[in-house]
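Student: here is a sequence with its predicted model. Questions after.
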2 protein chains.
Amino acid sequence: MLVSELETPALIVDLDVMDRNLSRMADYCRGHQLLLRPHTKTHKIPELARRQIDSGATGITVAKLGEAEVMLNGGITDILIAYPIVGTQKAKRLAKLAEQADLTVSLDSEEAARAISEAVSQQGVKVGVLAELDVGFSRCGVSNEVELLMLARKITSLPGLEFKGLMFFPGHFGVVPEERAAMRVQVNELLDRVLDLFARDGVPLAIVSGGSTPAAYEGDLFHGVNEVRPGTYIFNDRNTVGVSAATLDDCALWVVVTVVSTSVPGRAVIDGGSKTFSSDRYQAGDGNGFGLVKEDRAAEIERLSEEHGHLNIQRSERKYRVGDRLSVIPNHVCPTVNLHDEIYGVRGERVETVWRVEGRGKVR
Amino acid sequence: MLVSELETPALIVDLDVMDRNLSRMADYCRGHQLLLRPHTKTHKIPELARRQIDSGATGITVAKLGEAEVMLNGGITDILIAYPIVGTQKAKRLAKLAEQADLTVSLDSEEAARAISEAVSQQGVKVGVLAELDVGFSRCGVSNEVELLMLARKITSLPGLEFKGLMFFPGHFGVVPEERAAMRVQVNELLDRVLDLFARDGVPLAIVSGGSTPAAYEGDLFHGVNEVRPGTYIFNDRNTVGVSAATLDDCALWVVVTVVSTSVPGRAVIDGGSKTFSSDRYQAGDGNGFGLVKEDRAAEIERLSEEHGHLNIQRSERKYRVGDRLSVIPNHVCPTVNLHDEIYGVRGERVETVWRVEGRGKVR
């Protein structure tokens, strides 16, 4: 089957570009002695997780128990759930999963630690735990070295939990490399205090897990970090390009859409809106636009209805006709993928494979 | 099963409130001699479409062929696809569907009309067609009465197509009733010109289909309109309340979430982010916030990560603890529903039913 024969909207992955993205990150991590634990929230497809492991990843990261279940069914056994598992029901599911997988969770509260300890002890299994440190994003994580040590001691004292180290997420890191460098100075001062206190107290940190995609190739610059968890790098997107972590040629995924209306002058409407792309904004530049039209950089996706993309084509030389097909790189590929049941893997014009997005919608 | 026993995040519909919403809209339409053709994109559940028909709707509206297929499988046979069906593959699917259903489509181009005519003629079936008029939203639709008449004549001349009338979508209508009234004056002037020209030309307009949820209870104020297509009214959401089309007590759907972290002072993190709610912004007021916490109006959902909701609780008196459960009314219920596989129908604390969101993800 050819790409031109696919009904639209359709998610396309250029397999050559994806393979190159996988190799590049694996090479970077090998070169800097960093463990690579990709966040599979970007694709949610067990086969792609296996490819990441085959190309050098030590294991994977997920955000939800349901995603861990899907990945385990797909044969992946080394899984970090980088999310606080809270509540007895979820703790029980976690304990069941831990019978078959090498599981680690991150958390930042005694409440979460206790419930998990209870459930895994009852099940007679163990899970690894990373204590989460807030390095400035103000989402999850304790905020200083003393609290972190207290949390680590608590985790160590609870049955069924194996304290493995710490995790942080520099989600506040800016789009401009210079800004990121300045922020990194502050994060490294905090990390230095943590490393120092833990060393003095004799609490080993087997894992110091950091990084995100904007800072993906800067993981080696954080003090003590020995593991990174990039997600978006497998596909990249308009935002990754916007923060200079990739070029447009590194964008492996795009959405093939069809022009369905040209009746309003200066406009063209495509058959993908917020239910195809998500409403996520552009994080760089002027923040405008809901994706990038590969065939026409002068067209701006100015607005999304649920099923309509509103193209402003006033500055374009291109003649738009109903039935034209276009390729759109989304702003943020992770929520885009999460809206679709399948993705087509292509080489050139040929569709080589179809993956089911098996982890899609696993909100629990 | 009780609501308190559901794992989170979970979509909850209060059946009493939903029933009241259905009755209210049906009564309004009956009172104003308007045909009610609800847009089922809001729920995507055949059983709820049947309830809408049982409570007085003449048929339903969908946006995608895939949604029409799901609804037809669910026993609904009078379907308007309020979206231009473009391309031979889609036209063929439409023609196949038309063998079993009473189908109407909207369109604004000769290209779309020709392809559909060809496919349905080949299949030996007929579909109804509404010509779309742009009343100011600048999305789809021709922009004046002369173009509309030419399109209507073209549709009438093509085999297999039955010209039924016109459709418009006042998507640009503001949040303030006074603004809407001013806009309606302009729309009515355009509608008057259309009605006049079509009457003089002897082209009957059996259907004049208008309205949207913000203008839901104002459908009778548009000249010539005899059908409305509200969607959100079945559940309502923060935006519908923001435009005064409903009150908070009319919001039938909310998301039960759990607090998973309170370690950052002044913050609480819930286990629902953009993959639970969508990133759709608040359309009214200052535009801030990604939902409304029913238990604590002083809490603001300031930001969404994919799986984390960031609550700013600095102005709140409430004591937040890990494990607390909260109820969040989403900004925009339609994309929220589209992210989930099931919805729980409840009365009080009791879960009475579980619906699969069968039309979810039917992007084609």
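Tutor: It's in.
Student: okay, and the beta partners of A:Ala131?
Tutor: Using DSSP bridges, the bridge partners assigned to A:Ala131 are A:Leu107, A:Leu166.
Student: domain parsing for chain A?
Tutor: Following automatic domain parsing, one finds the domains of chain A at A:15-232, A:248-356.
Student: adding mean pLDDT and mean neighbour count, write these out as CSV.
Tutor: C-beta: built from backbone N, CA, C; applies to glycine. Output for these, formatted as CSV (pLDDT from 0 to 100; neighbours: other Cβ atoms under 10 Å in any protein chain shown):
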stretch, mean pLDDT, mean neighbour count
domain A:15-232, 95, 20
domain A:248-356, 97, 20
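Student: got JSON lines for those, with distance to B:Ser263 too?
Tutor: Formatted as JSON lines, the domains of chain A follow (distance: least, Cβ to Cβ, whole Å):
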{"stretch": "domain A:15-232", "distance to B:Ser263": "4"}
{"stretch": "domain A:248-356", "distance to B:Ser263": "25"}
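Student: these two touch, right, A:Ala215 and A:Gly174?
Tutor: No: contact criterion Cβ atoms under 8 Å: A:Ala215 and A:Gly174 do not qualify, at 10.0 Å.
Student: returning to that earlier point: of the domains of chain A, which is nearest B:Arg267?
Tutor: domain A:15-232 (5.9 Å; Cβ to Cβ).
Student: now the helix or strand hosting A:Ile155: how far from the chain's centre is it?
Tutor: Following DSSP states H and E, one finds A:Ile155 within helix A:145-157. Here helix A:145-157 is found 27 Å from its chain centre; the criterion is Cα atoms, centre = their mean, to the nearest Å.
Student: stretch A:257-272: end-to-end distance?
Tutor: Using Cα to Cα, to the nearest Å, one end of stretch A:257-272 lies 6 Å from the other.
Student: which parts of the stretch 51-200 of chain A sit against chain B?
Tutor: Counting by Cβ under 8 Å from any Cβ of the partner chain, the residues of the stretch 51-200 of chain A lying close to chain B are A:63-64, A:83-84, A:86-87, A:89-90, A:108-109, A:111-112, A:115, A:132, A:134, A:138-143, A:147, A:171.
Student: again, only using 10 Å
Tutor: Contact residues, the stretch 51-200 of chain A versus chain B (Cβ under 10 Å from any Cβ of the partner chain): A:62-67, A:82-90, A:93, A:107-112, A:115, A:132-134, A:137-143, A:147, A:151, A:169, A:171.
Student: packing partners for the helix holding A:Ile155?
Tutor: helix A:110-123, strand A:127-133, strand A:161-168, helix A:177-201 (3 or more Cβ pairs under 10 Å, 6 or more residues apart in numbering or on different chains; DSSP states H and E).
Student: in CSV, list the C-alpha atoms belonging to the third one.
Tutor: Extracted in CSV, the C-alpha atoms of strand A:161-168 (Å, rounded to 0.1, in the frame of the first residue of the first chain):
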residue,chain,number,x,y,z
LEU,A,161,10.7,-1.4,48.9
GLU,A,162,14.2,-1.2,47.5
PHE,A,163,15.5,2.4,47.6
LYS,A,164,17.4,2.9,44.3
GLY,A,165,18.2,6.6,44.1
LEU,A,166,16.6,9.8,43.0
MET,A,167,14.7,11.1,40.0
PHE,A,168,14.1,14.7,38.8
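Student: that one packs against which elements?
Tutor: Packing partners of strand A:161-168 (3+ Cβ pairs under 10 Å, 6+ apart): strand A:102-107, helix A:110-123, strand A:127-133, helix A:145-157, helix A:177-201, strand A:207-210.
Student: just how off-centre is the fifth one within its chain?
Tutor: So that's helix A:177-201. The chain centroid and the centroid of helix A:177-201 are separated by 23 Å under Cα atoms, centre = their mean.
Student: just the third one next, same as before
Tutor: Chain-centre distance of strand A:127-133: 19 Å, with Cα atoms, centre = their mean.
Student: now swap in the last one and tell me
Tutor: With Cα atoms, centre = their mean as the basis, the distance from the averaged C-alpha position of strand A:207-210 to the chain average is 16 Å.
Student: tell me the strands beside it, with direction?
Tutor: Partners of strand A:207-210 in its sheet, by DSSP bridges: strand A:161-168 (parallel), strand A:227-228 (parallel).
Student: distance to A:His32 added to those strands, as CSV?
Tutor: Output for these, formatted as CSV (distance: least, Cβ to Cβ, whole Å):
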stretch, distance to A:His32
strand A:161-168, 17
strand A:227-228, 9
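Student: residues in contact with the residue nearest the centre of chain A?
Tutor: Residue closest to the mean C-alpha point of chain A, counted by Cα atoms, centre = their mean, is A:Gly231 at 3.3 Å. Taking Cβ atoms under 10 Å, 6 or more residues apart in numbering or on different chains, we find A:Gly231 in contact with A:38-43, A:60-61, A:63, A:212-213, A:216, A:333-334, B:306.
Student: what segments of chain A are helices?
Tutor: A:15-31, A:46-54, A:65-73, A:88-98, A:110-123, A:145-157, A:177-201, A:238-242, A:274-277, A:333-337 (DSSP state H).
Student: dump these into JSON lines; add distance to A:Thr258 as well.
Tutor: Formatted as JSON lines, the helices of chain A follow (distance: least, Cβ to Cβ, whole Å):
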{"stretch": "helix A:15-31", "distance to A:Thr258": "23"}
{"stretch": "helix A:46-54", "distance to A:Thr258": "27"}
{"stretch": "helix A:65-73", "distance to A:Thr258": "31"}
{"stretch": "helix A:88-98", "distance to A:Thr258": "42"}
{"stretch": "helix A:110-123", "distance to A:Thr258": "47"}
{"stretch": "helix A:145-157", "distance to A:Thr258": "52"}
{"stretch": "helix A:177-201", "distance to A:Thr258": "38"}
{"stretch": "helix A:238-242", "distance to A:Thr258": "20"}
{"stretch": "helix A:274-277", "distance to A:Thr258": "11"}
{"stretch": "helix A:333-337", "distance to A:Thr258": "17"}
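Student: closest to A:His310 out of these?
Tutor: Of the helices of chain A, the one closest to A:His310 (Cβ to Cβ) turns out to be helix A:274-277, at 11.1 Å.
Student: among the helices and strands packed on helix A:145-157, which comes closest to A:Leu6?
Tutor: A:Leu6 lies closest to helix A:177-201 among those, at 37.7 Å (Cβ to Cβ).
Student: before we move on, the earlier item: grab the nearest non-local neighbour of the residue nearest to the centre of chain A.
Tutor: A:His39 (3.3 Å; Cβ to Cβ, 6 or more residues apart in numbering or on different chains).
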